[in-house]
Structures are given as structure tokens and as C-alpha cells.
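Asker: model this:
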Amino acid sequence: MNKKTIMIMGGGLIGFLVLLLVILWLLTIFKTKYFEYEEVEEKIINATEKYYKNKPELLPVNDGKYTLAYSSLVNSELIKPLNELLEDGDKCSAEIIVVKNGNDYTYIPKLNCGDAYASTELYKQILKDNPVVTENAGLYKAEDGTYYFRGKVKNNYVAFGSTGEGKKETPIIWQIISINSDNTIKLRNITETKLRTKWDDRYNTTVNSYIGYNDFELSLIKDYLKDLETNEALLKSNDIAKLDAKNLCIGARSETDSTKDGSAECSVLSKDKYIFSTLLPYEYMRASLDDDCTNVDDNACTNLNYIAELYTEAEWSITPFNENDYQAYVFDGYTYEPTDAKSRNKLYVVVNLNEFAFYKSGTGTEEDPYVIR
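Answerer: Take a look at the predicted model:
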């Protein structure tokens, strides 16, 4: 084989390799790029925000929950069909839940790809992780359909909201108290709080003193809880939009009352609905597995109870004391004790996360709490 022939063959081989690389490069460019399920959910949120920015007249007017068809986003050319975004997109469906709360709107993508993937509500994830039990520590079910934790459980934590700004921003940690019958999730803040208030400080003619009254509807604590909905002292408005407002249980309770079903506290409901509340005595008693926990002032209630902790300061409950008209209950980590309404105490508030809070990550432990989208 002469030199010229070798050069021609070598040039042909190089040309072939260059052509092959060009073809591979073109295939890479024009190959459909598929995304992960979570990435598609983020794209749906972004497309929904653009959709309503372009068509603000279509935003819901009244508070509540609404749905937006995925096809509306596709027809507006704000997002591609699912089969162009997901490798198994032909098997998937999607819709967007729109929640209006005051001036805030929350957009929640609900993606369903069968067994491969489905956007999961947090309450469903909690129920999946906690099969119902009838003894020992775990998740119990009440006759009214409420699920609640008892015992020294260690997997009922949620990270929701944050304190601080920038690099100093840290998540607020909450304990899951219960899953209500409407699938909302009752959470109690356990992150150190600066929230403090008097229960009430009006002049009480019964005892001729500025000791206050324990009538919630006319109290300072009522005003304080209502102000938390707008002043962002604890949660920002976009977080508050993920919460449900409810009528509060404001019935009085006696120290000798042994009930753990809320029949005393919930014998009277507030006239208005509130986003923020407090832990109630029966919820603390119910969480203990000790049979000797029979009254709100029993130290035995601290036994086998995930709520029991030691605090340097007491925290208010919205529950009035039944034996007079000027005291309400405070919780010190051991027991509930009646205290003069004029006292200033901390608040570790309770909220109800709405049923459309979707699970993102976490196992529910304090070190790896549940995180929502």
C-alpha cells in the first residue's frame, strides 16, 4: 500500500469520525429533554403565576379553594404538554389547586403519574408513616375521625415558616398534635418564641381589681391572636396563606374535670374564626399514656407524653378557669394551673395546616422534620 493510498484512507477515517461526532452532537441538541417530577411541579407553579399575571381578571374573588386545568396553561403556551416534559408523561395528569386567603394566593400543583409518582398531601404521608395503634406510643384514631399522637413519639415534627433573615434564617419547628377530620393538620410551635401577652387586664368588679376577666370574646389574648394574622410577628403572609381559620374551643374547664375528649373546652366555640390558637388542656392530657393522668394538675401527665417539656416561663392557654371569672390556664411543661388574667405569659401558638399542604421531604423526626412544598 503506497503512501498516497494510506493518506486517503486516513483522511476518510478522520472525516467519518468528524461526521459521527456531528451527528451525535445534533442528536444531543434535538433529543427531548425530560425532567424529574419535582422539577415539573416547579414549572407548573411558575407557569400558573405567569398565567394569572397575564389574566388577573381570572383570579378567584372569594376566599376558598379552586382548581385550574393544566390544559389552560398549555393552551396559553406557558408550559409544554406532560408527554414532552416527563418520560412517562403519557401516563400522567395534572391540575392546579388555587387557594385564596385574603389578598394571598397559593398555587399547588397536583401531579399524578400512577404508581410511578403522585403529589402527596402531607396528611396522607403522615398516615402512611404511622399505622393506627390502640396501645403504646403512636397515632390513635378518635370516634369523630380525628387522628392524634400519644406517648413519647419522635416522628411528629414539621418545619414550617422561618425566623430571621438571609444567612440567619432558620426554620420554625412544630409538633403535630393531630390530623383533624377535615384533613387539616394541627401543629404546635415549639421553636423559642418572643410572643407574650396578657390574657386580659380590665377592671374586674367581682374582686375590685384590674385583674382582668376570662371572657375570651372580650379579652386581650383574642386581639393578640387576631393581630398575628396580619402583623407577621411569627409567620409571613405567604405561610399564613397555607393555614385554615377555625372557630376556637373557648369553653371553661374545672381543675377536677377528668375528660380528655374536649367536651369541656369545646362546649363553647368562638363567634369568629381564627388562624392562631393555643394548646388546650385536654390535648395535653390526651397525649399521655399514664393512666394516673386524670386532672390538668396531675404531674403524672408528664409521663409518656411527647408534649411534656420544661420551660423557664409558663405559656397561656385560651381555656378559662371555671371556678371564677378572672383566671385562665397556663402550661408550665408539667401541669396546667389557673393564673390571673392580668399576668403576662408566653404563647406557643397552634395552627391548622390546610389539607393541600403537599409533602416534599423528611421522615418527621426533629432532626429530619417533614417539609412541605
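
Asker: so for the helix or strand in which K273 is found, what gets flagged as buried?
Answerer: Element membership for K273 (DSSP states H and E) is strand 269-274. By neighbour count on 16 or more other CB atoms under 10 Å, the buried set for strand 269-274 is S270, Y274. C-beta coordinates here come from the backbone N, C-alpha and C atoms, glycine included.

Asker: partner strands of it and their direction?
Answerer: Sheet pairing of strand 269-274 (DSSP bridges) gives strand 246-249 (antiparallel).

Asker: what does the partner strand contact?
Answerer: Residues outside strand 246-249 that contact it (CB atoms under 8 Å, 6 or more residues apart in numbering): 184, 216, 262, 265-266, 268-274, 277, 280, 318-319, 352.

Asker: that older thread, what's the strand holding K273 in contact with?
Answerer: Here strand 269-274 has contacts from F216, E217, K222, L225, K226, E229, A245, K246, N247, L248, C249, I250, using CB under 8 Å, 6+ apart.

Asker: do the same with stretch 135-146
Answerer: 126-127, 130-134, 147-153, 178-181, 261, 289, 304, 306.

Asker: before we move on, what about stretch 89-98?
Answerer: Contact with stretch 89-98 is made by 34, 40, 44, 48, 59-60, 65-70, 73, 81-83, 86, 105-114, 116, 356, as judged by CB under 8 Å, 6+ apart.

Asker: in CSV, list the C-alpha atoms belonging to that stretch.
Answerer: C-alpha atoms of stretch 89-98 as CSV (Å, rounded to 0.1, in the frame of the first residue of the first chain):
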residue,chain,number,x,y,z
GLY,A,89,-45.9,11.9,30.6
ASP,A,90,-48.5,9.9,28.5
LYS,A,91,-49.5,8.2,31.8
CYS,A,92,-49.7,11.4,33.8
SER,A,93,-52.3,14.0,34.6
ALA,A,94,-52.1,17.3,36.4
GLU,A,95,-54.2,20.1,37.8
ILE,A,96,-53.5,23.2,39.9
ILE,A,97,-55.2,23.9,43.2
VAL,A,98,-55.6,27.6,43.7
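
Asker: may I see the buried residues of that stretch?
Answerer: So stretch 89-98, judged by 16+ other CB under 10 Å, has buried residues G89, C92, A94, E95, I96, I97, V98.

Asker: V132: neighbour count?
Answerer: Neighbour count of V132, defined by other CB atoms under 10 Å: 10.

Asker: residues in contact with it?
Answerer: Residues in contact with V132 (CB under 8 Å, 6+ apart) are G138, L139, Y140, K141, Y147.

Asker: reformat those residues into a markdown table and put distance to S254, pLDDT and neighbour count next to each item.
Answerer: Formatted as a markdown table, the contacts of V132 follow (distance: CB to CB, whole Å; pLDDT from 0 to 100; neighbours: other CB atoms under 10 Å):
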| residue | distance to S254 | pLDDT | neighbour count |
| --- | --- | --- | --- |
| G138 | 30 | 97 | 17 |
| L139 | 29 | 98 | 22 |
| Y140 | 25 | 98 | 19 |
| K141 | 28 | 97 | 14 |
| Y147 | 28 | 98 | 20 |
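
Asker: circling back: farthest-separated two in the contacts of strand 269-274?
Answerer: Using CB to CB, those span at most 18.3 Å, a distance reached by E229 and C249.

Asker: of the two, who's got more company?
Answerer: Neighbours per residue, other CB under 10 Å: of E229 and C249, the larger number sits with C249, 22 against 19.

Asker: where along the stretch 1-150 of the chain do the strands fall?
Answerer: 64-69, 93-101, 104-112, 138-141, 147-150 (DSSP state E, counting those that start in this stretch).

Asker: show me the one of those that comes nearest D239.
Answerer: With CB to CB as the criterion, D239 lies closest to strand 104-112 of these, at 9.5 Å.

Asker: can you map out the helices along the chain?
Answerer: Here the chain has its helices, by DSSP state H, at 3-30, 37-54, 70-75, 82-85, 122-129, 220-231, 237-240, 281-287.

Asker: just to revisit the earlier point, could the contacts of V132 be laid out in a markdown table, adding distance to I190?
Answerer: A markdown table is the format used below for the contacts of V132 (distance: CB to CB, whole Å):
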| residue | distance to I190 |
| --- | --- |
| G138 | 20 |
| L139 | 19 |
| Y140 | 21 |
| K141 | 24 |
| Y147 | 19 |
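
Asker: follow-up on the earlier one: and which of the contacts of strand 269-274 is nearest A314?
Answerer: L225 (17.3 Å).

Asker: all set, thanks.
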